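Peer 1: predicted model follows, preceded by the sequence.
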Amino acid sequence: VSGPNIRKVTVLGAGLMGHGIAQVCAQTAGYDVTLLDVKQEFVDRGMSMIRDSLAKFVAKGGLEKGKADEILSRIHPTLDLRAAVEKSQLVIEAATEDPKLKLDLYRKVSEHLPPDAILASNTSSISITLLGSATKNPENVVGMHFFNPPQLMPLIEVIRGAKTSDATVEAVRVAAKQMGKETVLCKKDSPGFIVNRILLPALTEAALLVSEGVATPEDIDKAVTLGLSWPMGPLKLLDYVGLDTALGISEVFMQEFQDSKYRPSPLIRQMVRAGLLGRKSGKGFYEWGSPSSTKSSSGK
Ligand code: CAA
């Protein structure tokens, strides 16, 4: 594959998505990766999730132990944004799905990013054009939306913002290929892109079925796994991606489309208020056990 010579990549956010993206960059693409978060405990947890995932590949026989150690040695945890960003050819942002937090982060990153480096966002629903507007080089800002778990899911949605250049789009398609992923191109920066535009209304309906007492969570998930062949039912999937993340996406839809058909489920909102976020907090629609290994307070 031709394209820019990407060697050093920084991933911003060591949470549920960020740790997996960093791993894919080191494991499949062979990049030298810096994994950044705002607190030492968050980067530590991210590195520990990467170790767990690599151990799963080794246990399955898909990866030699020595190779796993080598991959791990290519991932450098840090809290120092400037040092990480100024040497990178590609920065992938996987921070919490909060527009204000992301805009502040983009301003900061833009101060230190080399002018020809690419800044890709793993946002699920925030406008790439808006994120680009907080930087000095919006032509280098693009969406690169991974799916959970990034280590296993084969797709990346590439999203073109209003000012994204053709060269940037091409460069991230090449990088995605180096990461072993298929891509689809969203030609317009539209909320939720392709997959979440379809998925979120389905997840909201599943939560409404629970709150209306139509069926139990177990039966709703059984219906969708057996009736539609989804690998996970919608309520388990809500727990898996995080109810807070799903609520955040619904809120962006409501605001951007101004259409009540995207109204978030009151049950999901209530559960988020109660800290029942799913896998990351140990409990959502289901019990997930200790939150310690998968919780992510700082990143998606
Ligand atoms: N790293 C390495 N290996 C992993 C892993 C990880 N993080 N997670 C799971 N695995 C491995 C397991 O070790 C297991 O291996 P074996 O089959 O050899 O035993 C295999 O994957 C299957 O895992 P499980 O048995 O634990 O569970 P499963 O069969 O249900 O598979 C799954 C897990 C791949 C996640 C599958 O359930 C699935 O595809 N679920 C749907 C995921 C999905 O829809 N993701 C998109 C969410 S939407 C999104 O991300 C967008 C957004 O913006 C919200």
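Peer 2: Received it, and whenever you're ready, just let me know what you need.

Peer 1: up against the ligand, what does the stretch 151-300 of the chain have?
Peer 2: Taking CB under 6 Å from any ligand atom as the criterion, the stretch 151-300 of the chain approaches the ligand at residues 151-153, 196, 199, 231-232, 237, 241, 245. Any C-beta I mention is one placed from the backbone N, CA and C, and that applies to glycine too.

Peer 1: closest one of those residues to Phe285?
Peer 2: Within those, distances to Phe285 taken as CB to CB reach their minimum at Leu237, with 9.8 Å.

Peer 1: that closest one: what secondary structure?
Peer 2: helix (DSSP: H, G, I helix; E, B strand; the rest coil).

Peer 1: right, and it touches Leu203 too?
Peer 2: Yes - the pair Leu237 / Leu203 is scored as a contact, 6.7 Å apart, by CB atoms under 8 Å.

Peer 1: now the strands for the stretch 101-250 of the chain?
Peer 2: In the stretch 101-250 of the chain, strands defined by DSSP state E, counting those that start in this stretch lie at 118-121, 141-145, 155-159, 182-186, listed in chain order.

Peer 1: with mean neighbour count, distance to Leu90 and mean pLDDT added, can I get those in JSON lines?
Peer 2: Formatted as JSON lines, the entries for the strands of the stretch 101-250 of the chain read as follows, by neighbours: other CB atoms under 10 Å; distance: least, CB to CB, whole Å; pLDDT from 0 to 100:
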{"stretch": "strand 118-121", "mean neighbour count": "28", "distance to Leu90": "5", "mean pLDDT": "98"}
{"stretch": "strand 141-145", "mean neighbour count": "27", "distance to Leu90": "9", "mean pLDDT": "98"}
{"stretch": "strand 155-159", "mean neighbour count": "23", "distance to Leu90": "13", "mean pLDDT": "98"}
{"stretch": "strand 182-186", "mean neighbour count": "15", "distance to Leu90": "15", "mean pLDDT": "98"}
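
Peer 1: nearest to Asp37, of those?
Peer 2: Distance to Asp37, taken as CB to CB, is lowest for strand 118-121 among the strands of the stretch 101-250 of the chain, at 16.2 Å.

Peer 1: where does pLDDT dip in the stretch 101-250 of the chain?
Peer 2: Within the stretch 101-250 of the chain, the set of residues satisfying pLDDT under 70 is empty.

Peer 1: I'd say Val58 and Ala68 touch.
Peer 2: Yes - assessed by CB under 8 Å, Val58 is found in contact with Ala68 at 5.3 Å.

Peer 1: mind putting the strands of the stretch 101-250 of the chain in a markdown table, distance to Leu12 included?
Peer 2: A markdown table is the format used below for the strands of the stretch 101-250 of the chain (distance: least, CB to CB, whole Å):
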| stretch | distance to Leu12 |
| --- | --- |
| strand 118-121 | 9 |
| strand 141-145 | 12 |
| strand 155-159 | 17 |
| strand 182-186 | 21 |
